[in-house]
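Trainee: Pasting a predicted model and its sequence here:
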Amino acid sequence: MPSLGPADRPPSVDALARSITDVGLPHPMLVDAARSAIAAGSPESAHGIALATSRRMLRPVINGTGTILHTNLGRAPVAVHQAERYTNLELDLTTGGRGSRMATAGDLIARACGAEKAIIVNNCAAAVLLVLGGLADGRDVVVSRSELVEIGGGFRIPDVMARGGANLIEVGTTNRTRVADFAKAVDDPATDVGVVLRVHQSNYKIVGFTEAPTTAQLAGLDAPLVADIGSGLLDSRCPWLQGGPPGWLAEEPAARQTLAAGAGLVAFSGDKLFGGPQAGIIAGDAELVDQCAQHPLARALRPGDLVLGALQDTALAYLREEGNAIPFWRMAALTVEQLRLRAAAFDATGVGDVVDVQSTPGGGTLPGVEMDSVGIARSGDHRDTLRGLDRPIIARVEGDTTYVDLRTVHPEDDATVINALRSLD
(Lines give C-alpha, C1' and ligand atoms only; values in the text may rest on other atoms or scores of the structure.)
Protein backbone atom coordinates (compact mmCIF):
# COMPACT_ATOMS: atom_id res chain seq x y z
CA MET A 1 0.00 0.00 0.00
CA PRO A 2 1.43 3.44 -0.87
CA SER A 3 2.77 5.33 2.14
CA LEU A 4 3.75 8.90 2.82
CA GLY A 5 7.01 9.91 1.22
CA PRO A 6 10.02 11.62 2.79
CA ALA A 7 8.40 15.00 2.41
CA ASP A 8 5.14 13.73 3.93
CA ARG A 9 3.47 14.12 0.57
CA PRO A 10 0.13 12.27 0.44
CA PRO A 11 0.06 9.28 -1.91
CA SER A 12 -1.85 9.37 -5.16
CA VAL A 13 -5.55 8.71 -4.57
CA ASP A 14 -5.68 6.49 -7.63
CA ALA A 15 -2.61 4.51 -6.62
CA LEU A 16 -3.95 4.00 -3.12
CA ALA A 17 -7.34 2.88 -4.51
CA ARG A 18 -5.63 0.38 -6.83
CA SER A 19 -3.71 -1.08 -3.90
CA ILE A 20 -6.92 -2.24 -2.13
CA THR A 21 -8.68 -3.98 -5.01
CA ASP A 22 -8.78 -7.24 -3.01
CA VAL A 23 -11.85 -5.85 -1.19
CA GLY A 24 -13.85 -6.38 -4.39
CA LEU A 25 -15.57 -3.00 -4.58
CA PRO A 26 -15.92 -1.01 -7.83
CA HIS A 27 -13.06 1.42 -8.42
CA PRO A 28 -15.11 4.59 -7.69
CA MET A 29 -15.89 3.25 -4.21
CA LEU A 30 -12.24 2.40 -3.62
CA VAL A 31 -11.40 5.95 -4.63
CA ASP A 32 -13.85 7.22 -1.99
CA ALA A 33 -12.16 5.06 0.63
CA ALA A 34 -8.73 6.29 -0.44
CA ARG A 35 -9.80 9.93 -0.27
CA SER A 36 -11.31 9.46 3.18
CA ALA A 37 -8.14 7.80 4.45
CA ILE A 38 -5.87 10.48 3.00
CA ALA A 39 -8.10 13.27 4.36
CA ALA A 40 -7.84 11.68 7.80
CA GLY A 41 -4.05 11.64 7.51
CA SER A 42 -3.86 7.82 7.62
CA PRO A 43 -3.55 6.32 4.14
CA GLU A 44 -2.99 2.94 5.74
CA SER A 45 -6.62 2.96 6.90
CA ALA A 46 -7.98 2.89 3.34
CA HIS A 47 -8.25 -0.88 3.27
CA GLY A 48 -10.24 -0.93 6.50
CA ILE A 49 -12.56 1.82 5.28
CA ALA A 50 -13.24 -0.06 2.05
CA LEU A 51 -13.78 -3.30 3.94
CA ALA A 52 -16.27 -1.61 6.27
CA THR A 53 -18.16 -0.29 3.24
CA SER A 54 -18.28 -3.77 1.74
CA ARG A 55 -19.59 -5.30 4.94
CA ARG A 56 -22.49 -2.84 5.05
CA MET A 57 -23.85 -4.32 1.83
CA LEU A 58 -26.45 -7.06 1.76
CA ARG A 59 -24.96 -10.54 1.89
CA PRO A 60 -26.02 -14.01 3.04
CA VAL A 61 -25.50 -14.71 6.73
CA ILE A 62 -26.01 -17.76 8.91
CA ASN A 63 -28.61 -17.23 11.60
CA GLY A 64 -27.53 -19.04 14.74
CA THR A 65 -29.64 -16.96 17.12
CA GLY A 66 -32.63 -19.30 17.27
CA THR A 67 -34.96 -16.41 16.36
CA ILE A 68 -36.66 -17.72 13.22
CA LEU A 69 -38.17 -14.42 12.06
CA HIS A 70 -35.21 -12.23 12.94
CA THR A 71 -36.10 -8.66 11.95
CA ASN A 72 -32.44 -7.62 11.61
CA LEU A 73 -31.81 -10.60 9.33
CA GLY A 74 -34.74 -10.06 6.98
CA ARG A 75 -37.39 -12.05 8.90
CA ALA A 76 -38.58 -15.06 6.88
CA PRO A 77 -35.82 -16.39 4.60
CA VAL A 78 -37.06 -16.54 1.02
CA ALA A 79 -35.37 -17.82 -2.14
CA VAL A 80 -36.07 -15.72 -5.23
CA HIS A 81 -35.22 -17.36 -8.57
CA GLN A 82 -36.05 -15.47 -11.72
CA ALA A 83 -34.28 -15.64 -15.05
CA GLU A 84 -33.18 -12.40 -16.66
CA ARG A 85 -36.28 -12.38 -18.80
CA TYR A 86 -39.47 -10.37 -18.97
CA THR A 87 -42.56 -11.56 -17.11
CA ASN A 88 -46.26 -11.19 -17.82
CA LEU A 89 -46.52 -8.81 -14.86
CA GLU A 90 -49.40 -6.79 -16.34
CA LEU A 91 -50.19 -8.77 -19.48
CA ASP A 92 -53.13 -11.14 -19.86
CA LEU A 93 -51.66 -14.00 -21.88
CA THR A 94 -55.14 -15.25 -22.80
CA THR A 95 -56.50 -12.05 -24.32
CA GLY A 96 -53.29 -10.19 -25.07
CA GLY A 97 -54.68 -7.16 -23.26
CA ARG A 98 -53.62 -5.31 -20.14
CA GLY A 99 -53.60 -7.52 -17.07
CA SER A 100 -53.42 -6.88 -13.34
CA ARG A 101 -50.23 -7.44 -11.40
CA MET A 102 -52.35 -8.35 -8.40
CA ALA A 103 -54.38 -11.06 -10.10
CA THR A 104 -52.23 -14.17 -9.70
CA ALA A 105 -50.57 -13.82 -6.31
CA GLY A 106 -53.59 -12.02 -4.86
CA ASP A 107 -56.04 -14.64 -6.08
CA LEU A 108 -53.88 -17.48 -4.77
CA ILE A 109 -53.56 -15.92 -1.33
CA ALA A 110 -57.30 -15.22 -1.24
CA ARG A 111 -57.97 -18.86 -2.07
CA ALA A 112 -55.55 -20.03 0.63
CA CYS A 113 -57.21 -17.96 3.38
CA GLY A 114 -60.85 -18.19 2.32
CA ALA A 115 -61.17 -14.61 1.11
CA GLU A 116 -63.15 -13.37 -1.88
CA LYS A 117 -60.26 -11.21 -3.05
CA ALA A 118 -56.83 -9.98 -1.99
CA ILE A 119 -54.38 -7.27 -3.01
CA ILE A 120 -50.75 -6.80 -2.08
CA VAL A 121 -48.75 -3.76 -0.98
CA ASN A 122 -45.25 -3.20 0.38
CA ASN A 123 -45.78 -4.12 4.04
CA CYS A 124 -48.48 -4.41 6.68
CA ALA A 125 -48.19 -0.75 7.70
CA ALA A 126 -48.91 0.15 4.07
CA ALA A 127 -51.86 -2.26 4.10
CA VAL A 128 -53.40 -0.53 7.13
CA LEU A 129 -52.70 2.89 5.58
CA LEU A 130 -54.41 1.89 2.33
CA VAL A 131 -57.41 0.34 4.10
CA LEU A 132 -57.97 3.50 6.12
CA GLY A 133 -57.54 5.68 3.05
CA GLY A 134 -59.86 3.52 0.98
CA LEU A 135 -62.61 2.99 3.54
CA ALA A 136 -62.40 5.84 6.04
CA ASP A 137 -60.83 8.93 4.45
CA GLY A 138 -62.36 11.85 6.34
CA ARG A 139 -64.45 9.49 8.44
CA ASP A 140 -64.19 7.97 11.92
CA VAL A 141 -62.39 4.77 12.87
CA VAL A 142 -63.21 3.09 16.18
CA VAL A 143 -60.42 1.20 17.97
CA SER A 144 -59.86 -0.06 21.50
CA ARG A 145 -57.39 1.84 23.67
CA SER A 146 -55.68 -1.47 24.38
CA GLU A 147 -54.77 -1.74 20.68
CA LEU A 148 -53.22 1.68 20.04
CA VAL A 149 -49.89 0.02 19.60
CA GLU A 150 -46.42 1.06 18.55
CA ILE A 151 -44.21 -1.58 16.99
CA GLY A 152 -40.71 -1.49 15.50
CA GLY A 153 -39.54 1.57 13.60
CA GLY A 154 -41.95 3.93 15.37
CA PHE A 155 -45.03 2.51 13.60
CA ARG A 156 -47.93 3.87 15.66
CA ILE A 157 -51.56 3.09 14.88
CA PRO A 158 -52.79 6.64 15.70
CA ASP A 159 -50.18 8.15 13.35
CA VAL A 160 -51.09 5.79 10.53
CA MET A 161 -54.76 6.67 11.00
CA ALA A 162 -53.97 10.35 10.70
CA ARG A 163 -51.90 9.81 7.53
CA GLY A 164 -54.73 7.73 6.10
CA GLY A 165 -57.14 10.62 6.59
CA ALA A 166 -59.19 8.91 9.30
CA ASN A 167 -60.37 10.32 12.60
CA LEU A 168 -59.56 8.21 15.64
CA ILE A 169 -62.24 7.30 18.16
CA GLU A 170 -60.79 5.52 21.19
CA VAL A 171 -63.08 3.28 23.23
CA GLY A 172 -62.71 1.20 26.36
CA THR A 173 -59.69 1.18 28.64
CA THR A 174 -56.15 -0.13 28.45
CA ASN A 175 -57.11 -3.52 29.86
CA ARG A 176 -60.86 -3.87 29.29
CA THR A 177 -63.00 -3.03 26.27
CA ARG A 178 -66.50 -4.40 25.65
CA VAL A 179 -68.56 -4.68 22.48
CA ALA A 180 -70.93 -2.12 24.05
CA ASP A 181 -68.10 0.44 23.94
CA PHE A 182 -67.77 -0.05 20.19
CA ALA A 183 -71.52 -0.09 19.65
CA LYS A 184 -71.94 3.22 21.47
CA ALA A 185 -69.42 4.89 19.18
CA VAL A 186 -70.82 3.34 16.00
CA ASP A 187 -74.42 4.22 16.84
CA ASP A 188 -73.67 7.77 18.02
CA PRO A 189 -75.45 10.20 15.62
CA ALA A 190 -72.47 12.55 15.95
CA THR A 191 -70.06 10.05 14.42
CA ASP A 192 -69.51 8.90 10.86
CA VAL A 193 -67.82 5.54 11.36
CA GLY A 194 -66.18 4.12 8.27
CA VAL A 195 -64.34 1.25 9.94
CA VAL A 196 -64.18 -0.66 13.20
CA LEU A 197 -60.53 -1.58 13.55
CA ARG A 198 -59.09 -4.47 15.49
CA VAL A 199 -55.28 -4.49 15.90
CA HIS A 200 -53.38 -7.60 16.93
CA GLN A 201 -51.12 -7.08 19.95
CA SER A 202 -48.39 -8.90 18.10
CA ASN A 203 -45.33 -8.04 20.17
CA TYR A 204 -46.71 -7.74 23.70
CA LYS A 205 -49.43 -9.09 25.98
CA ILE A 206 -51.86 -7.56 28.43
CA VAL A 207 -52.59 -10.12 31.13
CA GLY A 208 -54.63 -10.23 34.31
CA PHE A 209 -57.93 -8.35 34.63
CA THR A 210 -58.69 -8.06 30.91
CA GLU A 211 -61.62 -8.23 28.53
CA ALA A 212 -62.02 -7.81 24.78
CA PRO A 213 -64.91 -8.45 22.39
CA THR A 214 -64.74 -11.31 19.91
CA THR A 215 -64.43 -10.87 16.18
CA ALA A 216 -67.98 -12.16 15.73
CA GLN A 217 -69.32 -9.58 18.20
CA LEU A 218 -67.58 -6.70 16.42
CA ALA A 219 -68.69 -8.01 13.02
CA GLY A 220 -72.30 -7.58 14.13
CA LEU A 221 -71.95 -3.80 14.36
CA ASP A 222 -73.16 -1.44 11.66
CA ALA A 223 -69.71 -0.76 10.18
CA PRO A 224 -67.13 -2.87 8.34
CA LEU A 225 -64.72 -4.69 10.66
CA VAL A 226 -61.07 -4.59 9.60
CA ALA A 227 -58.73 -6.88 11.53
CA ASP A 228 -55.02 -6.16 11.39
CA ILE A 229 -53.85 -9.66 12.38
CA GLY A 230 -50.25 -8.65 11.77
CA SER A 231 -48.36 -11.91 11.90
CA GLY A 232 -49.95 -13.52 8.88
CA LEU A 233 -51.12 -16.95 10.02
CA LEU A 234 -53.36 -18.13 7.17
CA ASP A 235 -55.34 -20.91 8.81
CA SER A 236 -55.35 -21.99 12.46
CA ARG A 237 -55.72 -25.63 11.36
CA CYS A 238 -52.29 -25.53 9.65
CA PRO A 239 -53.23 -28.13 7.00
CA TRP A 240 -49.77 -27.69 5.49
CA LEU A 241 -48.19 -29.37 8.57
CA GLN A 242 -48.43 -33.14 8.86
CA GLY A 243 -48.87 -32.99 12.62
CA GLY A 244 -51.40 -30.18 12.56
CA PRO A 245 -51.01 -26.89 14.43
CA PRO A 246 -48.26 -26.72 17.07
CA GLY A 247 -49.33 -25.84 20.59
CA TRP A 248 -47.56 -22.48 20.57
CA LEU A 249 -50.02 -21.20 17.93
CA ALA A 250 -53.05 -21.73 20.17
CA GLU A 251 -53.97 -18.06 20.68
CA GLU A 252 -52.75 -16.66 17.37
CA PRO A 253 -55.49 -15.14 15.15
CA ALA A 254 -55.61 -16.56 11.63
CA ALA A 255 -56.89 -14.99 8.43
CA ARG A 256 -59.33 -17.76 7.47
CA GLN A 257 -61.00 -17.96 10.88
CA THR A 258 -61.10 -14.18 11.30
CA LEU A 259 -62.90 -13.76 7.97
CA ALA A 260 -65.21 -16.68 8.74
CA ALA A 261 -66.16 -14.96 12.00
CA GLY A 262 -67.40 -11.94 10.07
CA ALA A 263 -64.49 -9.55 9.52
CA GLY A 264 -64.82 -7.63 6.28
CA LEU A 265 -61.07 -7.43 5.74
CA VAL A 266 -57.88 -8.77 7.26
CA ALA A 267 -54.45 -7.18 6.85
CA PHE A 268 -51.23 -9.04 7.55
CA SER A 269 -47.52 -9.24 6.83
CA GLY A 270 -46.00 -11.41 4.15
CA ASP A 271 -42.66 -11.97 5.89
CA LYS A 272 -43.82 -13.25 9.28
CA LEU A 273 -45.86 -16.41 9.88
CA PHE A 274 -46.89 -16.39 6.22
CA GLY A 275 -43.24 -17.13 5.49
CA GLY A 276 -42.83 -15.08 2.31
CA PRO A 277 -41.12 -11.83 1.30
CA GLN A 278 -41.80 -8.46 2.88
CA ALA A 279 -45.29 -7.47 1.81
CA GLY A 280 -48.65 -6.40 3.16
CA ILE A 281 -51.75 -8.38 2.24
CA ILE A 282 -55.32 -7.04 2.31
CA ALA A 283 -57.86 -9.85 1.94
CA GLY A 284 -61.58 -10.32 2.42
CA ASP A 285 -64.80 -8.95 0.95
CA ALA A 286 -64.34 -8.23 -2.76
CA GLU A 287 -66.18 -4.90 -2.68
CA LEU A 288 -64.08 -3.63 0.23
CA VAL A 289 -60.86 -4.83 -1.39
CA ASP A 290 -61.83 -3.02 -4.60
CA GLN A 291 -62.42 0.21 -2.66
CA CYS A 292 -58.87 -0.05 -1.35
CA ALA A 293 -57.45 -0.90 -4.77
CA GLN A 294 -59.11 2.17 -6.33
CA HIS A 295 -57.50 4.58 -3.86
CA PRO A 296 -54.65 6.68 -5.36
CA LEU A 297 -52.24 5.32 -2.75
CA ALA A 298 -52.62 1.80 -4.15
CA ARG A 299 -50.32 2.54 -7.07
CA ALA A 300 -47.68 4.13 -4.84
CA LEU A 301 -47.69 1.15 -2.47
CA ARG A 302 -47.71 -1.72 -4.97
CA PRO A 303 -44.78 -4.17 -5.10
CA GLY A 304 -42.78 -5.34 -8.11
CA ASP A 305 -42.59 -8.68 -9.86
CA LEU A 306 -39.84 -10.15 -7.64
CA VAL A 307 -42.02 -9.79 -4.53
CA LEU A 308 -45.15 -10.93 -6.34
CA GLY A 309 -43.31 -13.96 -7.76
CA ALA A 310 -42.06 -14.98 -4.32
CA LEU A 311 -45.56 -14.54 -2.88
CA GLN A 312 -46.98 -16.64 -5.70
CA ASP A 313 -44.54 -19.46 -4.92
CA THR A 314 -45.35 -19.28 -1.21
CA ALA A 315 -49.11 -19.29 -1.82
CA LEU A 316 -48.79 -22.28 -4.13
CA ALA A 317 -46.93 -24.17 -1.40
CA TYR A 318 -49.84 -23.49 0.97
CA LEU A 319 -52.40 -24.66 -1.56
CA ARG A 320 -50.38 -27.85 -2.13
CA GLU A 321 -50.18 -28.22 1.67
CA GLU A 322 -46.38 -28.42 1.40
CA GLY A 323 -45.28 -26.75 4.61
CA ASN A 324 -41.77 -28.13 4.17
CA ALA A 325 -41.40 -25.93 1.07
CA ILE A 326 -41.80 -22.80 3.23
CA PRO A 327 -38.54 -22.18 5.17
CA PHE A 328 -40.25 -20.70 8.24
CA TRP A 329 -42.52 -23.71 8.71
CA ARG A 330 -39.71 -26.12 7.91
CA MET A 331 -37.62 -24.65 10.73
CA ALA A 332 -40.53 -24.22 13.14
CA ALA A 333 -41.59 -27.85 12.68
CA LEU A 334 -38.16 -29.36 13.38
CA THR A 335 -38.24 -31.76 16.33
CA VAL A 336 -35.61 -31.90 19.04
CA GLU A 337 -34.77 -35.42 17.86
CA GLN A 338 -34.04 -34.17 14.33
CA LEU A 339 -31.86 -31.40 15.70
CA ARG A 340 -29.94 -33.82 17.91
CA LEU A 341 -29.12 -35.94 14.86
CA ARG A 342 -27.51 -32.90 13.24
CA ALA A 343 -25.79 -31.94 16.48
CA ALA A 344 -24.02 -35.31 16.53
CA ALA A 345 -21.72 -34.11 13.72
CA PHE A 346 -20.72 -31.11 15.83
CA ASP A 347 -20.19 -33.28 18.89
CA ALA A 348 -17.95 -35.66 16.93
CA THR A 349 -15.62 -32.83 15.95
CA GLY A 350 -15.33 -31.44 19.48
CA VAL A 351 -16.00 -27.86 18.37
CA GLY A 352 -18.45 -27.24 21.20
CA ASP A 353 -20.88 -28.73 23.67
CA VAL A 354 -24.30 -29.92 22.51
CA VAL A 355 -26.86 -28.23 24.78
CA ASP A 356 -30.60 -27.69 25.09
CA VAL A 357 -31.68 -24.16 24.13
CA GLN A 358 -34.89 -22.25 23.41
CA SER A 359 -35.82 -20.87 19.99
CA THR A 360 -38.43 -18.16 19.40
CA PRO A 361 -40.67 -17.31 16.42
CA GLY A 362 -39.53 -13.66 16.55
CA GLY A 363 -40.44 -10.88 14.14
CA GLY A 364 -42.87 -9.24 16.56
CA THR A 365 -45.01 -12.38 16.67
CA LEU A 366 -46.14 -14.60 19.53
CA PRO A 367 -44.56 -12.76 22.48
CA GLY A 368 -43.30 -15.11 25.17
CA VAL A 369 -43.46 -18.23 22.98
CA GLU A 370 -40.41 -20.50 23.09
CA MET A 371 -39.62 -23.79 21.36
CA ASP A 372 -37.33 -26.50 22.66
CA SER A 373 -34.24 -26.64 20.49
CA VAL A 374 -30.63 -27.84 20.35
CA GLY A 375 -27.54 -25.67 20.10
CA ILE A 376 -23.77 -25.69 20.20
CA ALA A 377 -22.14 -23.85 23.10
CA ARG A 378 -18.64 -22.37 23.31
CA SER A 379 -17.22 -20.70 26.39
CA GLY A 380 -16.58 -16.98 25.94
CA ASP A 381 -18.10 -14.24 23.81
CA HIS A 382 -17.25 -15.00 20.17
CA ARG A 383 -19.95 -12.92 18.47
CA ASP A 384 -17.57 -10.39 16.91
CA THR A 385 -15.28 -13.06 15.50
CA LEU A 386 -18.12 -15.10 14.02
CA ARG A 387 -19.80 -12.02 12.61
CA GLY A 388 -16.53 -10.94 11.00
CA LEU A 389 -16.13 -14.08 8.88
CA ASP A 390 -16.47 -14.03 5.09
CA ARG A 391 -19.72 -15.93 5.64
CA PRO A 392 -20.92 -14.15 8.80
CA ILE A 393 -22.46 -16.28 11.55
CA ILE A 394 -24.82 -14.45 13.88
CA ALA A 395 -24.78 -16.12 17.29
CA ARG A 396 -26.18 -15.18 20.68
CA VAL A 397 -24.43 -14.84 24.03
CA GLU A 398 -25.83 -15.56 27.47
CA GLY A 399 -23.56 -15.01 30.41
CA ASP A 400 -20.07 -15.90 29.20
CA THR A 401 -21.16 -18.50 26.65
CA THR A 402 -21.76 -18.25 22.91
CA TYR A 403 -24.62 -20.31 21.49
CA VAL A 404 -25.42 -21.33 17.92
CA ASP A 405 -29.02 -22.61 17.74
CA LEU A 406 -29.27 -25.25 15.02
CA ARG A 407 -32.98 -24.66 14.41
CA THR A 408 -32.23 -21.51 12.42
CA VAL A 409 -29.09 -22.82 10.70
CA HIS A 410 -29.74 -24.33 7.28
CA PRO A 411 -28.48 -27.95 7.28
CA GLU A 412 -26.31 -27.17 4.25
CA ASP A 413 -24.44 -24.65 6.41
CA ASP A 414 -23.57 -27.11 9.19
CA ALA A 415 -20.09 -27.76 7.77
CA THR A 416 -19.44 -24.01 7.52
CA VAL A 417 -20.43 -23.53 11.15
CA ILE A 418 -18.26 -26.48 12.25
CA ASN A 419 -15.23 -24.99 10.49
CA ALA A 420 -15.94 -21.55 11.96
CA LEU A 421 -16.17 -22.95 15.51
CA ARG A 422 -13.01 -24.97 14.94
CA SER A 423 -11.19 -21.76 13.93
CA LEU A 424 -11.92 -20.33 17.41
CA ASP A 425 -9.49 -22.82 18.99
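Mentor: Cool, the structure landed. Nothing here was measured: the structure is a model prediction, and the numbers come from that model.
Trainee: unless I'm mixing things up, Leu265 is touching Gly280, no?
Mentor: No. Using Cβ atoms under 8 Å, Leu265 is not in contact with Gly280, being 11.9 Å away. Every residue, glycine included, has its C-beta placed from N, CA and C.
Trainee: Tell me the predicted confidence for the spatially most central residue of the chain.
Mentor: Taking Cα atoms, centre = their mean, the centroid of the chain lies closest to Asp271, which sits 3.6 Å from it. At Asp271, the pLDDT value in this model is 96.
Trainee: got it, and Phe328?
Mentor: 96.
Trainee: same question, the one 4 residues further on
Mentor: On pLDDT, Ala332 comes in at 95.
Trainee: And for Gly154?
Mentor: So Gly154 comes in at 61 (pLDDT).
Trainee: What's the end-to-end length of stretch 198-213?
Mentor: 10 Å (Cα to Cα, to the nearest Å).
Trainee: what sits against Val307?
Mentor: With contacts defined as Cβ atoms under 8 Å, 6 or more residues apart in numbering, Val307 is in contact with 120, 270, 277-279.
Trainee: sorry, back to before: you'd agree the residue nearest to the centre of the chain is up against Ala279?
Mentor: Yes. Asp271 lies in contact with Ala279 (Cβ under 8 Å); the separation is 6.9 Å.
Trainee: overlap in contacts of those two?
Mentor: What both Asp271 and Ala279 touch, as defined by Cβ under 8 Å, 6+ apart, is an empty set.
Trainee: any idea how far Arg163 is from the closest residue to Thr21 other than its chain neighbours?
Mentor: Leaving aside its chain neighbours, Thr21 sits nearest to Leu30 (6.7 Å; criterion: Cβ to Cβ, 6 or more residues apart in numbering). Leu30 sits 42 Å away from Arg163 when distances are taken as Cβ to Cβ, to the nearest Å.
Trainee: Just want to know which of the two has more residues nearby.
Mentor: Taking other Cβ atoms under 10 Å, Leu30 and Arg163 do not tie; Leu30 has more neighbours (25 against 14).
Trainee: Three-state assignment for that one, please.
Mentor: helix (DSSP: H, G, I helix; E, B strand; the rest coil).
Trainee: didn't it look like it was pressed against Val23?
Mentor: Yes. Under the criterion of Cβ under 8 Å, Leu30 makes contact with Val23 at 7.0 Å.
Trainee: what is in contact with these two at once?
Mentor: With Cβ under 8 Å, 6+ apart, Leu30 and Val23 have common neighbours Ala50.
Trainee: centre of the chain versus the host helix or strand of Thr258, how much separation?
Mentor: Secondary structure assignment for Thr258, by DSSP states H and E: helix 255-260. Offset of helix 255-260 from its chain centre (Cα atoms, centre = their mean, to the nearest Å): 21 Å.
Trainee: Give the residue spans of the stretch 101-250 of the chain that score low on pLDDT.
Mentor: 150-155, 201-209 (pLDDT under 70).
Trainee: ranges for the strands of it?
Mentor: 117-121, 140-144, 150-151, 155-156, 167-171, 193-199, 225-230 (DSSP state E, counting those that start in this stretch).
Trainee: Give me the residues contacting the last one.
Mentor: With contacts defined as Cβ under 8 Å, 6+ apart, strand 225-230 is touched by 124, 127-128, 131, 135, 195-200, 202, 215, 218-219, 253-255, 258, 262-269, 272, 364-365.
Trainee: The closest residue in space to Leu311 that isn't next to it in sequence and Tyr86: what is the separation?
Mentor: Spatial nearest neighbour of Leu311, chain neighbours left out: Ala105 (4.3 Å); criterion: Cβ to Cβ, 6+ apart. Distance from Ala105 to Tyr86, counting by Cβ to Cβ: 17 Å.
Trainee: Would you quantify the distance from the residue nearest to the centre of the chain to Leu69?
Mentor: In terms of Cβ to Cβ, Asp271 sits 7 Å off from Leu69.
Trainee: what does Leu89 give?
Mentor: 28 Å.
Trainee: Neighbour count: these two, which is higher?
Mentor: Leu69 (27 against 13).
Trainee: so what's that one scoring on pLDDT?
Mentor: Model confidence at Leu69 (pLDDT) stands at 95.
Trainee: wouldn't it be in contact with Leu366 here?
Mentor: No. Look at Leu69 against Leu366 with Cβ under 8 Å: they stay out of range, at 9.4 Å.
Trainee: Can you give the distance from stretch 238-256 to the centre of its chain?
Mentor: Stretch 238-256 has its average C-alpha position 18 Å from the chain's average C-alpha position, going by Cα atoms, centre = their mean.
Trainee: same deal with stretch 325-336?
Mentor: Worked out by Cα atoms, centre = their mean, stretch 325-336 lies 16 Å from the chain centre.
Trainee: Check which residues of that stretch are buried.
Mentor: Burial within stretch 325-336, assessed by neighbour count using 16 or more other Cβ atoms under 10 Å, is assigned to 325-334.
Trainee: Domain boundaries for this structure, per the record?
Mentor: 13-55, 62-77+334-422, 103-325 (automatic domain parsing).
Trainee: Just name the most buried of those domains.
Mentor: Of all the domains of the chain, domain 103-325 has the most neighbours on average by mean count of other Cβ atoms under 10 Å, namely a mean of 19.
Trainee: From the opening residue of that domain to its closing one, how far?
Mentor: 23 Å.
Trainee: same deal with stretch 276-288?
Mentor: Note: stretch 276-288 ends 24 Å apart using Cα to Cα.
Trainee: Same question for stretch 394-407.
Mentor: 13 Å.
Trainee: tell me the mean pLDDT over it?
Mentor: Stretch 394-407 comes out at a mean pLDDT of 97.
Trainee: before we move on, the earlier item: now the residue nearest to Thr21: how far from Asn324?
Mentor: 44 Å.
Trainee: Repeat that for Ala377.
Mentor: With Cβ to Cβ as the criterion, Ala377 and Asn324 are 28 Å apart.
Trainee: and Arg85, helix, strand or coil?
Mentor: Secondary structure of Arg85, per three-state DSSP, is coil.
Trainee: Good, wrapping up.
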